[in-house]
Every structure is written in structure tokens, then in C-alpha cells.
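Q: dropping a prediction and its sequence here:
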Amino acid sequence: MFTRLQICRNKDGSTRCYLHLLNSKRVNGRTRQEFICTLGRLDVLQAGGGLDRLIEGLARYSERQWVQVQALKGGWDKLYGPVLVFRRLWEHLGLAGQVASLQAATELQFPIDEAAFAMVLHRLVDPGSKRATYLWIKEKVYRPEFDKIELHQLYRALGYLVQSKEKMEEALFLRNCDIFSLGVDLVLFDTTLVHFEGRGPVGLATQARPGNYPDCVKVLVGLVMTGDGFPVAHHVFPGNTADINAFRGALGDLRRRFPIRRVIIVADRGVVSGDIIEEMEQANQKEPDKKIDYIFGMRLRKCREVNEEVLSRAGRYHEVAENLWVKEVRVGDHRYVVCHNTESEERDRKRREEIIERARADLKKKSAKAFVMPRGLRRFVELVGGELMIREAILSEEARYDGKWVLRTNTELPTDEVALAYKSLWQIEHAFRELKSGLKIRPVFLRTEDHARGHILVCFLSLVLEAALQRLLKEQGANGSYRDILNDLEGVRAVELKNGGQRWLVRTELPANAFEAFKAVGLRAPVHIQALT
């Protein structure tokens, strides 16, 4: 059956429209249209809402059309897009098979694979505690396999995952080398302290050196990544472990487990000290066959050799990347690479000028006695007789540092590669921010060492999946950033509807960026409407 609009003209030239219902059938091999009835004048039906009521009434007798009409009205919905995409990656990277083999060696009845994937997915989309993970997968995520998971099973899974940490990392490394052709000549290694808001696991979480959160116990986490930003392995040490000991322990482990020809430690100036450099140099002299290469960011103002020797040396910069210029300076046996960013130089200069101008404006509004000198301003100006006096010599000295950073290295890498390797450190810093967010739990529920190590392993696996998806999106030339694509992917929801005894699953519309994620992992988007058993 179908509808047809009939237009009739009145004598005065106006028109009226009637909506007819017709049926098409074949008579003697030819198609004939049979008039069924007139539904009424179209303007009358539209004005009184009769047409909408008629459509809704007829839709009740058609299962598919009823589902579509009800879907437009909304209803409860659950996360769907990220579940499909990250599960595909989870299986493609071999993680499902590795966890399944772990399960085969136990007598556990609950699915460790699903428990592990649930915790990793939660870290990727909406990180929180294990209790938050349990409530999230039960109330906000559509994956029928999660229905079998209980809260205590998430904690038990952490302990079993730790037992296979090394095997998982080694298998992932080899798998990702095959898939992504990772460059492993240069490996980045860095450490960070992660604090607990509570007692933490006894023996692992300890009081560390002074810094942020001085009253909290901490663990020291080391993260290894390839030069192009793919996680390789991670290490967890007691919080009072010295960086140099963490470096050596992790590097010995790397050389034992992975086919990596060289390891270059890349670390920011915030964790580098003269003692660490001196100790590494002495260790390299004692054991030249186990030499540790490094690229360290140096403190410009506090390191005398950098301040007095390196920055004062003349020399020509050469460009190695967009807005990145470098030059090499040698002071005795020490090799330095000075890096310069003109945009950062301009930002530093403007920020300093804005601070001074803001202080001048505040001083006009307040008396000299009521004026409070901003911390960032104290070394540039002094208050004399109610007036701000600029210390020109200090300003000139400060301008030397604008847009510059200095690296010290014992490698023979070209200056270009040294600068770019250090620049890639932001990838590890981003990864550490993601990893740290998972351990800021109040109160701490992870009080055993296995649980804490297992949780950090879950964070590491989430970084692996994130890096893998980013790499695949980049390879296919996807539009939009990873975060934009993930946000659109989270907009793909599953809506459950019921019609009598039949249940239906309706997928919401697929945004363009979400389609990029499905395409990247080689997965077809689910059908718009499907019946549920």
C-alpha cells in the first residue's frame, strides 16, 4: 500500500489537497492501482495533529517502524562505540588470547579476559576506582559479556594479570613491531613518582624524597617507549628508589627481554641532578660494555657550566624542524646541544612584559604599603619610594633564556636527532599523566602489592590501546584529533526497546569522526536496528 496526494482546484483559483490510500496489485500481468479510501484533507490533518496520531497508530502494527518511531523519542541508552572499537584492538593485538592462556592455567570460573578488558576500557573512557569500574560496566556500558562480572572478580583479576606481565609485554612488543614496524634503535625511558592517598601497599609504597605530596607514600614508575611513542614496558619500584637505581634495574631488564640494540635515557631537567650525571659517567667508565647513553635536559639558571659557559658561547644555529633551531657546544669532555624556539622566545618576552605592566597598574590603584610584589616579578623590579624600578641588568640576563633549552648527552647522535629525541619526551609525559590519574584514589582500595602492580599494568595496557588506535588513525589519514574522534565514538550509543515480548537494539546515528575509528580498526559499523534474544 501507499499514499497519494490529490490536488483539486476551486473556482476561485485556490487549491485543496486530499490524502488517499491506494493499493498496488497485478491483474493479467499488469500493475493496477486500487483506490482504498480517502484519509482526509491534508491541511485539516496537519493542523489538528491527526496525521501524526494516524502514523503513530499504524506504526504499532509494524515492528520495524515502531522501533524507529520509539527510538526518536529516546529511552535508556548505553555506551556502544568505544566498546566495539577497543575490543577489536584488544583482540587484534593478541591480548584476548594471552589472557585466555592465563585463564587456562587457573581454576577460576569467571572470565579474566572480560574483567581485564573492562578495567582497561574504563581507563580509556572514564577512569576511576575499581568500584566505579564495576558500577560503570553494569549501568552505562553495553556488552553482554560484562553481565557475568562481579566486583570482587575485578580485584582478583589484578593479581592474576601481574603473573603474566612480562609475557604480555614481550608478546605485545613483537606483535606491534610486526604491525606497525616500530623503530626500536632509540628507546625513551623516564620515571615518575605516583602517590597514594592512604597507606598504600606495605613495602612498595614508601616515603620518598621531598616534593609534591610530601606526607603521602609513593611508588616510582618507569615507562619505556619507542622513539615514535609506542609503549614497550613499565617498571614499578618502591617510592624511595633512587632514579639511577631505577634506570639501571630497568635497562638490565630491557636488554635481557627485548631485542633492542641501544637504549638512550631521555629525561627532563626536573629529575636530573649533577649527582645522577656523575654517577652514570663513573658507572660507564667502570663498565664500558654496559654503557648507558643519555639525553638530559639541564637547568639553565642553576647549572653553572650551562649558565656561564654554554649559553655564552657564540655559534650558528641550524634549523632541524619547524621553529626549532639547534647548535652544538662542547665544554671539555661534555657535549651540549642548545635548542631555540623563536615562538617560545616571543611568548616568554611578552609574558614578562605583561607581568611588569600588571604590577604598574596595581601600584596605581594601591598605596606602596598595600602593594604585594608578585613572586614572578621580584627578581625583575624593586619598589623604591612608592615606584617600581626596573632592574635592567636582571632583565637582560633573563632575556638570554627566552625560548631556549639546553641538553647534555654522551651520545654521538647528530644534533638534529638529539633535539628531536628530547622533544618527543612529551609523549612520555602525556602517558605519565594518564597513568598517574589512575592512582589518585580516595580512599585507597588497592592495599596489596599485587593489586597495585596489577592496576598499573591495566594503565599500561590502556596506553598501548590508545597508541595503537592513534597510529592506525594516522596511517589512514583520518581527519580530526584522537580526542575528537574518541568523543564522537562515545556518542555512538546502544538503545534498548521492547515491543511486547520482543527486544530490539537500536544504534544511534554514527558521526563522521566515529566512522574513522571503525574504519581504522577494520570493523564495520553495527546495523542500525537488530533483534535481541
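A: Done, it's in.

Q: quick one: residue 216 is in a strand?
A: No: going by DSSP: H, G, I helix; E, B strand; the rest coil, the assignment for residue 216 is coil, not a strand.

Q: so how far is residue 204 from it?
A: 14 Å (Cβ to Cβ, to the nearest Å). Every C-beta, even on glycine, is put in place using the N, C-alpha and C of the backbone.

Q: now residue 128
A: 22 Å.

Q: the more surrounded of those two?
A: A side-by-side neighbour count of residue 128 and residue 204, using other Cβ atoms under 10 Å, places residue 204 first with 20 against 15.

Q: now the strands for the stretch 1-150 of the chain?
A: Assigned by DSSP state E, counting those that start in this stretch, the stretch 1-150 of the chain shows strands spanning 2-9, 15-27, 30-41, 77-79.

Q: cool, the stretch 301-450 of the chain as well?
A: Counting by DSSP E, counting those that start in this stretch, the strands of the stretch 301-450 of the chain are 318-321, 324-331, 334-340, 381-384, 387-390, 404-409.

Q: name the helix or strand of the protein that has the lowest mean pLDDT.
A: When the helices and strands of the chain are scored by mean pLDDT, DSSP states H and E, helix 63-73 comes last with a mean of 56.

Q: break this protein into its domains for me.
A: Domain assignment for the chain by automatic domain parsing gives 2-59, 74-163+448-533, 165-341+404-447, 343-399.

Q: mind putting those in CSV, mean pLDDT included?
A: Below are the domains of the chain laid out as CSV (pLDDT from 0 to 100):
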stretch, mean pLDDT
domain 2-59, 82
domain 74-163+448-533, 90
domain 165-341+404-447, 81
domain 343-399, 75
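
Q: rewinding a little: looking at the strands of the stretch 301-450 of the chain, which is nearest to residue 174?
A: Ranking those by proximity to residue 174 (Cβ to Cβ) places strand 404-409 first, at 29.5 Å.

Q: partner strands of the closest one and their direction?
A: The strands that strand 404-409 pairs with in its sheet are strand 293-297 (antiparallel), strand 334-340 (antiparallel) (by DSSP bridges).

Q: can I get the ones you listed in CSV including distance to residue 256 and mean neighbour count?
A: Formatted as CSV, the strands paired with strand 404-409 follow (distance: least, Cβ to Cβ, whole Å; neighbours: other Cβ atoms under 10 Å):
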stretch, distance to residue 256, mean neighbour count
strand 293-297, 18, 21
strand 334-340, 29, 20
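
Q: include distance to residue 108 when you put the ones you listed into TSV, please.
A: Conversion of the strands paired with strand 404-409 to TSV gives the following (distance: least, Cβ to Cβ, whole Å):
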stretch	distance to residue 108
strand 293-297	44
strand 334-340	52
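
Q: tell me which of those sits nearest to residue 459.
A: Distance to residue 459, taken as Cβ to Cβ, is lowest for strand 293-297 among those, at 24.9 Å.

Q: contacts for that closest one, please.
A: For strand 293-297, the surrounding residues in contact (Cβ atoms under 8 Å, 6 or more residues apart in numbering) are 262-270, 272, 277, 280, 405-411, 418, 421-422, 425.

Q: need the buried ones from these selected in PyMOL.
A: The PyMOL command for the buried members of those (criterion: 16 or more other Cβ atoms under 10 Å) is given here:
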select buried, resi 263+264+265+266+267+269+272+277+280+405+406+407+408+409+410+411+418+421+422+425
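
Q: which of the strands of the stretch 301-450 of the chain sits closest to residue 106?
A: Each of these has some distance to residue 106 by Cβ to Cβ; the shortest is strand 404-409, at 46.9 Å.

Q: what angle do the closest one and strand 324-331 make?
A: If you take axes from the mean of the first three to the mean of the last three Cα atoms, to 10 degrees, strand 404-409 sits at 50 degrees to strand 324-331.

Q: need the contact partners of strand 404-409.
A: In contact with strand 404-409 (Cβ under 8 Å, 6+ apart) are residues 269, 277, 293-298, 300, 306, 310-311, 334-341, 345, 418-419, 422.

Q: for residue 352, give its distance to residue 404.
A: 14 Å.

Q: no wait, residue 347
A: In terms of Cβ to Cβ, residue 347 sits 13 Å off from residue 404.

Q: contacts for the one helix or strand residue 515 maps to, please.
A: Using DSSP states H and E, residue 515 sits within helix 512-520. For helix 512-520, the surrounding residues in contact (Cβ under 8 Å, 6+ apart) are 81, 84-85, 469, 472-473, 475-476, 478-480, 484-489, 491-492, 510, 524-525.

Q: what do you get if the cut-off is 6 Å, keeping everything else the same?
A: Contact with helix 512-520 is made by 81, 85, 472-473, 476, 478, 480, 484-485, 488-489, 492, 525, as judged by Cβ atoms under 6 Å, 6 or more residues apart in numbering.

Q: now stretch 154-167
A: Stretch 154-167 has contacts (Cβ under 6 Å, 6+ apart) with 102, 112, 115, 116, 130, 450, 451, 453, 454, 457.

Q: again, but for stretch 272-283
A: For stretch 272-283, contacts defined as Cβ under 6 Å, 6+ apart pick out 243, 244, 292, 296.

Q: adding distance to residue 359 and secondary structure, write those out as JSON lines.
A: Formatted as JSON lines, the contacts of stretch 272-283 follow (distance: Cβ to Cβ, whole Å; DSSP: H, G, I helix; E, B strand; the rest coil):
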{"residue": "243", "distance to residue 359": "38", "secondary structure": "helix"}
{"residue": "244", "distance to residue 359": "42", "secondary structure": "helix"}
{"residue": "292", "distance to residue 359": "46", "secondary structure": "coil"}
{"residue": "296", "distance to residue 359": "35", "secondary structure": "strand"}
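
Q: ranking by neighbours, what's the top pick from the residues you listed?
A: Neighbour count (other Cβ under 10 Å) singles out residue 243 as the most crowded of the contacts of stretch 272-283, with 23 neighbours.

Q: the stretch 301-450 of the chain: helices as residue ranges?
A: Taking DSSP state H, counting those that start in this stretch as the criterion, the stretch 301-450 of the chain contains helices spanning 304, 342-365, 392-399, 415-423, 425-437, 449-475.

Q: may I see the buried residues of the longest one?
A: When you say that, I think you mean helix 449-475. 449-473.

Q: helix/strand/coil for the residue lying closest to residue 449 once chain neighbours are set aside?
A: Of all residues not flanking residue 449 in the chain, residue 201 sits nearest, at 4.3 Å (Cβ to Cβ, 6 or more residues apart in numbering). What three-state DSSP gives for residue 201 is coil.

Q: count residues in the vicinity of residue 201, would you?
A: Residue 201 has 21 nearby residues by other Cβ under 10 Å.

Q: which residues does it contact?
A: 447, 448, 449, 452.

Q: separation between it and residue 448?
A: From residue 201 across to residue 448, the span is 6 Å (Cβ to Cβ).

Q: just residue 325 next, same as before
A: With distances taken as Cβ to Cβ, residue 325 is found 51 Å from residue 448.

Q: those two: which is more packed in?
A: Shown here are residue 325 and residue 448; by other Cβ under 10 Å, residue 325 has more neighbours (18 against 15).

Q: give the contact list for the nearest residue to that one once chain neighbours are set aside.
A: Among residues not flanking residue 325 along the chain, residue 317 sits closest, at 3.9 Å (Cβ to Cβ, 6+ apart). By Cβ under 6 Å, 6+ apart, residue 317 lies in contact with 325, 327, 340.

Q: for the second one, give the beta-bridge partners.
A: Going back to what we said before, that points to residue 327. Going by DSSP bridges, residue 327 forms beta bridges with residue 338.
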